[in-house]
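# A structural model of the following input is requested.
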Amino acid sequence: MLSIDKNLQFEGLDNFFYVANEKMTNTILLVDDEINNIQLLKRALRGKYNILTASQGLEGLEVLKQNLDKISLIISDHKMPVMEGTEFLKRANEIAPDVIKILLTGFTDIEILTEAVNTCNLYQYITKPFDPNELSTIVASGIEKYNLSSSRSLMLKDLQELFHKTIKSIAATLDAKDAYTHGHSIRVTLYSLMLANKIKPDDEKFLEGVEIAGILHDIGKISIPQNVLCKPGKLTEEEFEIMKTHPVCSEKLVQNIKQLGDLSLWVKAHHEKWDGTGYPDGLKGEEIPLASRIVAIADTYDAMTSTRSYRNALCHEVAMQEIAKCKGTQFDPSLADIFINMSDEIKQAKENPEDFYQKYSVLQKKIANM
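You can find the predicted model right below:
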């Protein structure tokens, strides 16, 4: 059975705010073919930064590649053998677009400077001979810009990871309300992702939306009384009406998370039926969002193949037969056919959901690649 991380909590944001400049030592790469110029630059920047040097452009690119996680700013002379400064900075920009780039030039050729600004992501140019104080001021300003940008990127990464963990925390909290539905949200998400990958394998934004909608589709059940949610028998008509309110509750809860946008409509519609007899709005056919139609099949399959308080689980083969019977009435017929054709893979995923979820999860890959 898929395990839910019990340590996921609704963490505060204070762990994710940084003091960008606190004890930060930045590294600067100096590229110049004249040793005297390198020495002048070193003296102007002495004691403030770590310094790396290169005597020409190709060497500078190698130094940059070997120190990508260290270099904050590059100062390059323009007139150099083999590769001019503008070409070097252009290629450096392809490797490290966020690194601050400064060009040293002995003349002010407008065409060269325009090319440098447009192709090298140039921060500033400095004419030679340079004033050490002016150079120091420009470099300090560039380093400050780099640190602020770097700190903001780190914060956004951590906040996005926190956001995704919080979503899973909510799903785990819901599963904990009903022992019989433990892991339901994650399994529904897995089956939904597998089906969505057959339809839109290259649409990462859609797949990410399907994943979040799968995790949160039943979040509105938090508002359902425990005696109704976990009743060990058939619900009364009144109790069923209470249960039917959970998609609207899910919609309202998801609407309050501004990053989720239209996903609130997707979770609201996961109990709509292809023939228009579903709830809460009686949507029909393609009026139902595609993601909702996907989640509906995955949700029903998991409900049938899981033991509940009022009945035992059906086997995989019987559940697939039921989905086939309900295509064109409860389910989008084309999606149902695709799901049925995936029967062997779905069965394998049911038996080993943890490994399959690692394979299909867009959110986990996104966090890992940040």
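
# give me the low-pLDDT residue ranges for this structure?
Along the chain, the model assigns pLDDT under 70 to residues 1-24, 107-118, 150-182, 258-259, 309-310, 367-370.

# Got the domain ranges for it?
Taking automatic domain parsing as the reference, the chain has its domains at 16-153, 178-368.

# Now render those as a markdown table, adding mean neighbour count.
Quick note: C-beta positions are derived from backbone N, CA and C, even for glycine. Formatted as a markdown table, those follow (neighbours: other C-beta atoms under 10 Å):
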| stretch | mean neighbour count |
| --- | --- |
| domain 16-153 | 17 |
| domain 178-368 | 18 |
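
# Okay, strands next: where are they in this protein?
Secondary structure of the chain (DSSP state E): strands at 27-31, 50-54, 71-77, 100-105, 124-127.

# how about those in JSON lines, adding distance to residue 336?
Listed next are these as JSON lines, based on distance: least, C-beta to C-beta, whole Å:
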{"stretch": "strand 27-31", "distance to residue 336": "58"}
{"stretch": "strand 50-54", "distance to residue 336": "61"}
{"stretch": "strand 71-77", "distance to residue 336": "55"}
{"stretch": "strand 100-105", "distance to residue 336": "55"}
{"stretch": "strand 124-127", "distance to residue 336": "61"}
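
# of those strands, which approaches residue 314 most closely?
For the strands of the chain, the distance to residue 314 is smallest for strand 71-77, at 59.8 Å, taking C-beta to C-beta.

# can you state the direction angle for that closest one and strand 50-54?
40 degrees (axes from the mean of the first three to the mean of the last three C-alpha atoms, to 10 degrees).

# strand partners of strand 71-77, parallel vs antiparallel please.
strand 27-31 (parallel), strand 100-105 (parallel) (DSSP bridges).

# Redo those strands as TSV? Include distance to residue 148.
TSV is the format used below for those (distance: least, C-beta to C-beta, whole Å):
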stretch	distance to residue 148
strand 27-31	17
strand 100-105	11
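
# Please report how far the nearest residue to residue 142 once chain neighbours are set aside lies from residue 83.
What sits nearest to residue 142 in space, not counting adjacent residues and going by C-beta to C-beta, 6 or more residues apart in numbering, is residue 100, at 3.9 Å. Applying C-beta to C-beta, to the nearest Å, the value for residue 100 to residue 83 is 20 Å.

# List the residues that contact residue 339.
191, 195, 297, 301, 323, 346 (C-beta atoms under 8 Å, 6 or more residues apart in numbering).

# Could you export the residues you listed as CSV, including distance to residue 131?
Converted to CSV, the contacts of residue 339 look like this (distance: C-beta to C-beta, whole Å):
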residue, distance to residue 131
191, 66
195, 65
297, 70
301, 72
323, 76
346, 70
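
# any idea which of the residues you listed is closest to residue 316?
residue 346 (7.4 Å).

# Touching, that closest one and residue 316? I think so.
Yes - here residue 346 reaches residue 316: they are 7.4 Å apart, a contact under C-beta atoms under 8 Å.

# What residues does residue 265 make contact with?
Going by C-beta under 8 Å, 6+ apart, the list of residues near residue 265 reads 251, 289, 292.

# contacting residues for the last one?
Read it as residue 292. Residue 292 neighbours (C-beta under 8 Å, 6+ apart): 213, 265, 266, 267, 268, 269, 270, 272.

# gap between it and residue 352?
Distance from residue 292 to residue 352, by C-beta to C-beta: 27 Å.

# any idea how far residue 328 is from the closest residue to residue 315 other than its chain neighbours?
Spatial nearest neighbour of residue 315, excluding adjacent residues (C-beta to C-beta, 6+ apart): residue 305 at 7.4 Å. Going from residue 305 to residue 328 by C-beta to C-beta gives 22 Å.

# now do residue 140
For residue 140, the distance to residue 328 - C-beta to C-beta - is 69 Å.
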